[in-house]
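> Sequence isn't available, so here's the structure alone:
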């Protein structure tokens with residue numbers, strides 16, 4: 001067995017576990033946002049006692065849901081792609097296109113990790129209104145979600161899952 005195959009298998013198994021956990025967390029954040037949003041409506045209109053923290057919580061939960069769910073979309077290739085070029089290319093040209101797409105996506109995600117971490121650190125002393133926690137808890141979704149998505153992009157490059165495009169070709 002040569003080393004690249006072992007490394008790729010290790011990457012794929014790690015990514016599978018991380019993506020599964022990340023998508024599960026995204027589903028949890030969406031469910032929490034929906035429940036708290038429903039409670040907010042009930043408290044405001046049925047109990048006539050508006051809740052001060054619910055809007056901030058829903059906003060933060062939806063931010064985390066989007067960034068944690070991003071890796072699932074990256075892994076399956078469900079984001080906007082270059083379909084026309086992909087269908088026109090064959091063989092080595094198609095693989096080069098896939099490499100260019102992966103490299104540009106990873107570059108963008110690396111920028112999000114870097115500047116997201118800087119931003120998260122800079123806002124650590126600001127307080128989120130209503131929740132009385134640091135704003136950095138909301139901003140931390142950017143570098144965390146982007147880092148997890150980098151794994152998904154790499155896994156998608158080595159083990160593509162794009163059934164929709166493959167069937168159309």
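Yep, it's here. The shown structure was predicted, so the numbers you read here are calculated from the model rather than taken from an experiment.
> now the helices: where do they sit in this structure?
Under the criterion DSSP state H, the chain carries helices at the ranges 3-41, 54-76, 83-88, 91-122, 136-139, 141-158, 163-168.
> quick one: contacts of the shortest one?
Under the criterion CB atoms under 8 Å, 6 or more residues apart in numbering, residues 59-60, 63-64, 116, 119-121, 123-124, 126, 128 lie in contact with helix 136-139. From N, CA and C alone the C-beta is placed, and that goes for glycine too.
> And the pLDDT for the residue nearest the centre of the chain?
Centre of the chain computed as the mean C-alpha position; nearest residue by CA atoms, centre = their mean is residue 70, 2.4 Å away. pLDDT recorded at residue 70 is 93.
> Would you confirm that it contacts residue 149?
Yes - under the criterion of CB atoms under 8 Å, residue 70 lies in contact with residue 149, with a separation of 5.0 Å.
> how many other residues sit next to residue 24?
For residue 24, the neighbour count with other CB atoms under 10 Å is 12.
> hang on, I meant residue 60
The burial count for residue 60: 23, using other CB under 10 Å.
> Just give me the neighbour total for the closest residue to it other than its chain neighbours.
The shortest distance from residue 60 to any residue other than its chain neighbours is 4.6 Å, reached at residue 138 (CB to CB, 6 or more residues apart in numbering). By other CB under 10 Å, the residues close to residue 138 number 20.
> Give me the distance between residue 138 and residue 50.
When distance is defined by CB to CB, to the nearest Å, residue 138 is 21 Å away from residue 50.
> quick one: low-confidence parts of the protein?
Across the chain, the ranges flagged by pLDDT under 70 are 1-4, 80-82, 162-169.
> Try it again at 80.
Across the chain, the stretches falling below the confidence threshold (pLDDT under 80) are 1-4, 78-84, 86, 161-169.
> ok, back up a step: filter the contacts of helix 136-139 down to the buried ones.
Buried residues within the contacts of helix 136-139, counting neighbours by 16 or more other CB atoms under 10 Å: 60, 63-64, 116, 119-120, 123, 128.
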